[in-house]
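> Structure here, sequence nowhere to be found:
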């Protein structure tokens, strides 16, 4: 997975801001969303990311899977990432 060529990413104190240059729309991710995105961009699988969230945040495994799936779906639907 990679960022769409028209998207730029800037880290902030509380997450990440993404700008889709073609549409002019901004998107903000919290710290967890930023971690999920960075791991996806590094080639980590959604299941692996979810397992990491379970360990680091102590949340239920199904919730972690659902959360990672939701972040991925939102990034894809906004055309921020490409396979």
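Okay, I see it. Model, not experiment: these values are computed from the prediction.

> how close does the closest residue to residue 59 other than its chain neighbours sit to residue 46?
Leaving aside its chain neighbours, residue 59 sits nearest to residue 53 (6.1 Å; criterion: CB to CB, 6 or more residues apart in numbering). To be clear about C-beta, it is placed using only N, CA and C from the backbone, and glycine gets the same treatment. Using CB to CB, to the nearest Å, residue 53 is found at 11 Å from residue 46.

> shared neighbours, the two?
Residues touching both residue 53 and residue 46 (CB atoms under 8 Å, 6 or more residues apart in numbering): residue 68.

> of the two, who's got more company?
Applying other CB atoms under 10 Å to residue 53 and residue 46 shows that residue 53 carries more neighbours, namely 22 against 17.

> What pLDDT is listed against that one?
On pLDDT, residue 53 comes in at 95.

> Quick one: residues in contact with the helix or strand in which it is found.
Counting by DSSP states H and E, the element that carries residue 53 is helix 46-57. Applying CB under 8 Å, 6+ apart, the contact partners of helix 46-57 are 32, 36, 39-40, 44, 59-61, 64-65, 67-69, 72.
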